[in-house]
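Chemist: coordinates only, sequence not included:
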């Protein structure tokens with residue numbers, strides 16, 4: 001009987017996935033899609049439920065800038081004027097993107113941007129650098145702006161210095177496309193991946209999320225969806241300001257309606 005119920009559960013997962021992502025269209029790969037073993041899967045890798053009446057807050061208040069505005073290593077160009085054009089935005093990274101994209105969908109709709117989200121569960125800078133996944137989506141979307149959020153699965157790696165080549169490869173793959181890198185809202189002190197990434201991309205492209213106080217889900221690592229929305233609000237303020245290398249139009253949505261954009265969910269890479 002247990003085996004029978006388990007089989008029913010497996011068969012119902014695709015339907016559950018569509019319901020779960022009702023505000024974001026899940027795209028099925030085309031035939032011949034070369035993603036180095038990456039495949040669509042259910043996003044139920046960690047259970048998250050928001051508590052009734054709980055109000056996650058930033059340590060500096062909603063919409064506040066993080067310490068990414070402080071000086072860091074890396075070459076920075078002169079401050080540019082805000083870019084008011086509409087962009088094709090590619091938002092890609094690990095499971096942290098799942099929470100952020102819901103609010104980012106609203107920002108894209110309110111500001112006339114076209115958005116494509118790619119959530120690759122359990123992915124790392126190494127995986128993104130060594131597979132053809134990023135190349136595929138860059139060729140498909142042809143973005144004029146990119147948002148990156150990778151590093152949650154590398155918070156405690158021992159060989160931090162070895163990640164530098166992977167980070168640089170990801171940037172090289174972007175081939176000059178303007179981008180920002182959203183740092184991990186660390187739940188514990190990391191072994192150096194955040195400082196390394198910040199040094200490589202520079203303070204005007206790196207949003208340091210470590211000073212944010214965010215309500216966490218059951219796994220005590222991922223912010224709840226409500227907290228992730230507040231996190232995205234803070235990132236958006238920074239992205240639209242002269243604190244970034246290429247500020248773009250990201251006025252706060254006037255409503256809380258959910259809007260639909262293409263979202264790809266990729267399962268963890270298996271050896």
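Modeler: Structure received. Given the structure is predicted, the values throughout are model-derived calculations rather than measurements.
Chemist: contacts, neighbours, all on C-alpha from now
Modeler: Noted.
Chemist: in the stretch 1-150 of the chain, which ranges drop under the pLDDT threshold?
Modeler: Within the stretch 1-150 of the chain, the segments meeting pLDDT under 70 span 1-82.
Chemist: give me that answer again for 90
Modeler: Along the stretch 1-150 of the chain, segments meeting pLDDT under 90 span 1-85.
Chemist: Can you tell me the strand partners of the helix or strand harbouring residue 146 and which way each runs?
Modeler: In this assignment (DSSP states H and E), residue 146 forms part of strand 145-149. Partners of strand 145-149 in the sheet, by DSSP bridges, are strand 88-93 (parallel), strand 179-182 (parallel).
Chemist: can you list the residues that contact it?
Modeler: The contact list for strand 145-149 (Cα atoms under 8 Å, 6 or more residues apart in numbering) reads 87-94, 96-97, 177-184.
Chemist: hmm, 10 Å instead?
Modeler: 86-97, 100, 113, 115-119, 124-125, 138, 170-171, 174, 176-184, 205-207, 246, 248 (Cα atoms under 10 Å, 6 or more residues apart in numbering).
Chemist: Now list the buried members of these.
Modeler: Among the contacts of strand 145-149, those buried by neighbour count (16 or more other Cα atoms under 10 Å) are 87-97, 100, 113, 115-119, 124-125, 138, 170-171, 174, 178-184, 205-207, 246, 248.
Chemist: In helices only, show me those residues.
Modeler: The helices, defined by DSSP state H, take in 96-97, 100, 125, 138, 170-171, 174 from the buried ones among the contacts of strand 145-149.
Chemist: ok, those vs residue 108, which is closest?
Modeler: Closest approach to residue 108 among those (Cα to Cα): residue 100, at 12.2 Å.
Chemist: contacting residues for that closest one?
Modeler: Contacts of residue 100 by Cα under 10 Å, 6+ apart are 91, 117, 149, 223-233, 235.
Chemist: rewinding a little: I'd like the strands paired with strand 145-149 as a markdown table, with distance to residue 241 appended.
Modeler: Listed next are the strands paired with strand 145-149 as a markdown table, based on distance: least, Cα to Cα, whole Å:
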| stretch | distance to residue 241 |
| --- | --- |
| strand 88-93 | 17 |
| strand 179-182 | 12 |
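Chemist: Can you get me a residue count around the residue nearest to residue 248 when sequence neighbours are not counted?
Modeler: Spatially, and ignoring its direct neighbours in sequence, residue 248 is nearest to residue 83 (4.6 Å; Cα to Cα, 6 or more residues apart in numbering). Using other Cα atoms under 10 Å, residue 83 has 13 neighbouring residues.
Chemist: before we move on, what about residue 133?
Modeler: Residue 133 has 20 neighbours, counted by other Cα under 10 Å.
Chemist: Correct me if wrong: it contacts residue 127.
Modeler: Yes - the pair residue 133 / residue 127 is scored as a contact, 9.0 Å apart, by Cα atoms under 10 Å.
Chemist: right, and residue 207 touches residue 179 too?
Modeler: No - at 11.2 Å, residue 207 does not count as touching residue 179 under the criterion of Cα under 10 Å.
Chemist: Hmm, residue 88 is touching residue 109, no?
Modeler: No - with contacts counted by Cα under 10 Å, residue 88 stays clear of residue 109, the gap being 11.6 Å.
Chemist: could you show me where the strands are in this structure, in order?
Modeler: For the chain, the strands defined by DSSP state E occupy 25-26, 88-93, 114-120, 145-149, 179-182, 206-207, 262-266.
Chemist: In TSV: the ones you listed, plus distance to residue 158.
Modeler: Shown next, in TSV, are the strands of the chain (distance: least, Cα to Cα, whole Å):
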stretch	distance to residue 158
strand 25-26	35
strand 88-93	21
strand 114-120	22
strand 145-149	20
strand 179-182	22
strand 206-207	22
strand 262-266	26
